[in-house]
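Enquirer: next comes the sequence, and after it the predicted model I'd like to discuss.
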Amino acid sequence: MWTIANALSLVRILLIPVFLVLLIHQKGTAAFVVFLFAASTDLLDGFAARFWNQKSKLGAVLDPAADKLLMTASFIILTIPSLNAPNRIPIWLTSSVIGRDLLIVSAAFFLYKRYGQTEFPPTFTGKLSTALQMGVLLLVLLFNLIGTSPPSLKLFYILTLFLTVLSFIHYAIIGLRMTRLNDS
């Protein structure tokens, strides 16, 4: 149960309130460093789980939960205008990212309760979407830290929205296939 991979996921969860407090108190450099470290634990826990063969049932829940908690909290706080200058994440992007995750989790819960489906492997589009979402968060934090607002940031918002919607559609298709297989 207690593996390096699970410990890294737990560290990611514990760093979320630290990150939020730092942003609220306008400590941009420290917030950026904490977020960067927290985000890097996602890569490290996956590496540890594979390299040391530390895959576990707890890790299968803890890792994605840590990701979603970090992403959701970060998107929400980086959307609040009074806390973010010169850049803030548009509400339409934050709503799309959180809405996608809520719909996917709801569908997974339905599939589990109705059919006992317990495996929901991530897809390439899902991983790409998550990577781009994390990248947008890092860019907003970095550009706010250095006090610049490049026009290209809007392009990243749109690209992130596109991949978020695309990954949702992909997961929806997979969920419908699972439903059809279990109903037949």
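Expert: Thanks, I have the structure now. Numbers count the residues shown, from 1 in each chain.

Enquirer: okay, CA-based contacts and neighbour counts for the rest of this
Expert: OK.

Enquirer: packing partners for the lengthiest helix in the chain?
Expert: Looking across the chain with DSSP state H, the single longest helix is helix 152-183. Helix 152-183 makes packing contacts with helix 91-115, helix 124-146 when contacts are defined by 3 or more CA pairs under 8 Å, 6 or more residues apart in numbering; DSSP states H and E.

Enquirer: redo that, cut-off 6 Å
Expert: The contact analysis (3 or more CA pairs under 6 Å, 6 or more residues apart in numbering; DSSP states H and E) places helix 152-183 against helix 124-146.

Enquirer: what packs against the helix it packs on?
Expert: Under the contact definition 3+ CA pairs under 6 Å, 6+ apart, helix 124-146 sits against helix 152-183.

Enquirer: report the buried residues of the helix it packs on.
Expert: In terms of neighbour count (16 or more other CA atoms under 10 Å), helix 152-183 has its buried residues at 153, 156-157, 159-161, 163-165, 167-168, 171, 175, 179.

Enquirer: same thing with stretch 83-94?
Expert: Within stretch 83-94, the residues that qualify as buried are 84, 85, 87, 88, 89, 90, 93, 94, counting by 16+ other CA under 10 Å.

Enquirer: let me know the secondary structure of the second one.
Expert: Same thing as residue 85. Here residue 85 is recorded as coil under DSSP: H, G, I helix; E, B strand; the rest coil.

Enquirer: local confidence estimate at it?
Expert: pLDDT recorded at residue 85 is 90.

Enquirer: okay, now the nearest residue to it once chain neighbours are set aside: neighbour count?
Expert: Of all residues not flanking residue 85 in the chain, residue 144 sits nearest, at 5.8 Å (CA to CA, 6 or more residues apart in numbering). By other CA atoms under 10 Å, 19 other residues sit near residue 144.

Enquirer: return the distance of the nearest residue to residue 133 once chain neighbours are set aside relative to residue 134.
Expert: Among residues not flanking residue 133 along the chain, residue 160 sits closest, at 6.1 Å (CA to CA, 6+ apart). Residue 160 is 10 Å from residue 134, where distance means CA to CA, to the nearest Å.

Enquirer: residue 159 now?
Expert: Applying CA to CA, the value for residue 159 to residue 134 is 13 Å.

Enquirer: let me know the closest of the buried residues of stretch 83-94 to residue 128.
Expert: The closest of those to residue 128 turns out to be residue 93 (CA to CA; 16.0 Å).

Enquirer: this completes my enquiry, with thanks.
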